[in-house]
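Peer 1: With the sequence up front, the predicted model follows.
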Amino acid sequence: MSPHLDRKCYCVSGLLLMSAFLSSAYPAPAQTGAPQAKLSVHWEELTGADFIDAIKHSQGTCLLPFGILEKHGPHLPLGTDLLDVRYASLHAAEQEYTVVFPEYYFGQIFEARHEPGTIAYSREMQLALLQETTDEMARNGCKKVLIVNGHGGNNSLLPFFAQSQLAKPHDYVVYIFDERTPSSGGPPKKTSVDQHAGESETSKMMIARPDLVHQDRAPGESGADQHRENLPDGVYTGIWWYARFPEHYAGDGSAATHELGEYQMNWWIGSIAKSIAAIKADDVSLKLQNEFYEKSAHPLDTRQ
Ligand SMILES: [Zn+2]
């Protein structure tokens, strides 16, 4: 959306014009009885009064798309995960209405600190900021917070964060959706190593921000697995990623196509929308969480 639009002049005719503009930029919103012509799915675009309507309309379900700033091979922008996850989340929210939190990229990325442009906050900061963010979302009515993960390096952080919600009572539930690529279907893939900035991720970026894909530069570095560690399966080290992919590139972006990107992005958007619908309908998790918190305050009594 244009940053030059003056949102203070959001009069009725402006709203109609904006609706016309939005309908060309985004798919039509879900027809589930929006209280006005169009409520934005962007948290930061809602007025205070509209925010109240938006939270009611989303049934207290809010999205926190989680990106990162890190090198993505020689050909994709540093914000690839942030741009892709926001594109997928915003389109999913248009299909199944929910409020989407602004840009968030404060996750785990120590393994790329040797590359230019990486922002790697301390682990204490990552956990504290995420907790305060979801706490503040919940204080504003988001009793179901769905974190949509756009970055593979968060795949230990986020389940740990969700598990740690059981340490003390919260009046909201944290859900995580951590899939970005379908395991099968769509145009056949040409590469076998297809992880970071590879065929799939480059293809999706061709949908989210084609203007930022420099596909001609993709062969400029090797994204091959260098197998520099010799350890048995089941033994983990933090340096494993650097040992295998020292250029912070895992795959071959030159194999990417618009068709693959379209298939995968549509799958991603549809999967997030399905998750939002299921979470809106979930009346079990919060109830069980409350039961658990109550019992955990006096564990010895629960066995009498
Ligand atoms: Zn990525």
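Peer 2: Noted; the coordinates are in hand.

Peer 1: So which elements touch the helix of greatest length in the chain?
Peer 2: In the chain, taking DSSP state H as the definition, the longest helix is helix 258-281. Here helix 258-281 is seen to pack against strand 61-66, helix 80-95, strand 144-149, strand 173-177, helix 199-208 when contacts are counted using 3 or more C-beta pairs under 8 Å, 6 or more residues apart in numbering; DSSP states H and E. No exception for glycine: its C-beta is placed from N, CA and C like everyone else's.

Peer 1: ok and the shortest one relative to strand 61-66, angle-wise?
Peer 2: Using axes from the mean of the first three to the mean of the last three C-alpha atoms, to 10 degrees, the inter-axis angle of strand 173-177 relative to strand 61-66 is 50 degrees.

Peer 1: Compute the inter-axis angle for strand 173-177 and helix 258-281.
Peer 2: 160 degrees.

Peer 1: same question, the second one
Peer 2: On the basis of the same axes, to 10 degrees, helix 80-95 is oriented at 60 degrees to helix 258-281.

Peer 1: Residue 156 touches residue 108, doesn't it?
Peer 2: Yes. Using C-beta atoms under 8 Å, residue 156 is in contact with residue 108, at 7.2 Å.

Peer 1: Neighbour count for these two, which is higher?
Peer 2: For residue 156 versus residue 108, neighbours defined as other C-beta atoms under 10 Å are more numerous around residue 108 (20 against 10).

Peer 1: what's the closest non-adjacent residue to the more buried one?
Peer 2: Distance criterion C-beta to C-beta, 6 or more residues apart in numbering; nearest residue to residue 108, sequence neighbours excluded, is residue 157 at 4.5 Å.

Peer 1: now swap in residue 180 and tell me
Peer 2: If the residues on either side of it in the chain are set aside, residue 180 comes closest to residue 268, at 5.9 Å by C-beta to C-beta, 6+ apart.

Peer 1: what's the pLDDT at the closest residue to the ion within the chain?
Peer 2: Each residue of the chain has a distance to the ion, by C-beta to the ion, and the smallest belongs to residue 81, at 4.1 Å. With respect to pLDDT, residue 81 scores 98.

Peer 1: how far away is it from residue 165?
Peer 2: Computed as C-beta to C-beta, to the nearest Å, the residue 81 to residue 165 distance reads 24 Å.

Peer 1: more crowded one of the two?
Peer 2: Between residue 81 and residue 165, residue 81 has the larger neighbour count (other C-beta under 10 Å), namely 30 against 16.

Peer 1: That one contacts residue 150, doesn't it?
Peer 2: Yes. Taking contacts as C-beta under 8 Å, residue 81 lies within contact range of residue 150: 4.1 Å.

Peer 1: any shared contact partners between these two?
Peer 2: Counting by C-beta atoms under 8 Å, 6 or more residues apart in numbering, the contacts common to residue 81 and residue 150 are 67, 68.

Peer 1: if we can go back for a sec, what about the residue nearest to residue 108, neighbour count?
Peer 2: For residue 157, the count of nearby residues is 19 (other C-beta under 10 Å).

Peer 1: mind listing what the residue of the chain closest to the ion touches?
Peer 2: With C-beta under 8 Å, 6+ apart, residue 81 has these contacts: 67, 68, 70, 72, 105, 150, 151.

Peer 1: Recalculate using a threshold of 7 Å.
Peer 2: Applying C-beta atoms under 7 Å, 6 or more residues apart in numbering to residue 81 gives the contacts 67, 68, 150, 151.

Peer 1: wait, what's in contact with the third one?
Peer 2: Applying C-beta under 7 Å, 6+ apart to residue 150 gives the contacts 65, 66, 67, 81, 82, 84, 85, 180.

Peer 1: show me the contacts for the first one.
Peer 2: Read that as residue 65. Counting by C-beta under 7 Å, 6+ apart, the residues that residue 65 touches are 85, 86, 89, 100, 104, 148, 150.

Peer 1: Next one: residue 241 from residue 169, what distance?
Peer 2: Look at residue 241 and residue 169: by C-beta to C-beta, they are 36 Å apart.
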